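Asks: Provided below for reference: sequence and predicted model.
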Amino acid sequence: MALELTIAADHRNEYRIRTLVAGREVDLLVDSGFTQSQCLVGVELEAASYDVVRLRLRDRFDIQVQSGGGELRWTESGIGSVEVVGLDSSLTYTPVARGAANLLGVCYFHRLPAFHLSWDLAARTMTLRRS
């Protein structure tokens, strides 16, 4: 494991991070537009992935989320463990919402106060570093 992880953008300038969500390994797209008003939800999983981890989530509840287009919608969620594969001390607990895509929202990073997230737009990389 490491104290720093650098992720390169793919051919579509998207950043994908390999994570463990409630024990299931999932590639998540970093989506700065995926958020929720109280900044609770850190992860959205497409329906098939959500259904696999659903029983491992605790305290399931409906929550309102907002995606890139600004639309608000209600969806099921539950508290689950989420960590970045290969990054020490990145395990946290956050609501995991059922949705249309596998997304890692900015609210996940808010739950990691010991880490600093930086972007190098020229190099097309993002780095998550333990402070």
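Replies: Perfect, I can see it now.
Asks: for stretch 9-19, what is the average pLDDT?
Replies: Here stretch 9-19 scores 94 as its mean pLDDT.
Asks: Which residues belonging to it are considered buried?
Replies: Neighbour-count burial for stretch 9-19 flags 9, 15, 17, 19 (criterion: 16 or more other Cβ atoms under 10 Å). From N, CA and C alone the C-beta is placed, and that goes for glycine too.
Asks: could I get the residues you listed as JSON lines with distance to G70?
Replies: Below are these laid out as JSON lines (distance: Cβ to Cβ, whole Å):
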{"residue": "A9", "distance to G70": "24"}
{"residue": "Y15", "distance to G70": "21"}
{"residue": "I17", "distance to G70": "24"}
{"residue": "T19", "distance to G70": "26"}
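Asks: For stretch 115-129, output the C-alpha coordinates as CSV.
Replies: Output in CSV follows, covering the C-alpha atoms of stretch 115-129 (Å, rounded to 0.1, in the frame of the first residue of the first chain):
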residue,chain,number,x,y,z
PHE,A,115,-5.5,13.5,2.4
HIS,A,116,-5.0,16.3,-0.2
LEU,A,117,-6.3,16.0,-3.7
SER,A,118,-4.5,17.9,-6.4
TRP,A,119,-4.9,18.1,-10.2
ASP,A,120,-2.2,18.6,-12.8
LEU,A,121,-4.2,19.5,-15.9
ALA,A,122,-1.2,19.8,-18.1
ALA,A,123,-0.1,16.2,-17.2
ARG,A,124,-3.7,15.0,-17.1
THR,A,125,-3.3,13.5,-13.7
MET,A,126,-4.9,13.7,-10.3
THR,A,127,-3.0,12.8,-7.1
LEU,A,128,-4.4,11.8,-3.8
ARG,A,129,-1.7,12.3,-1.1
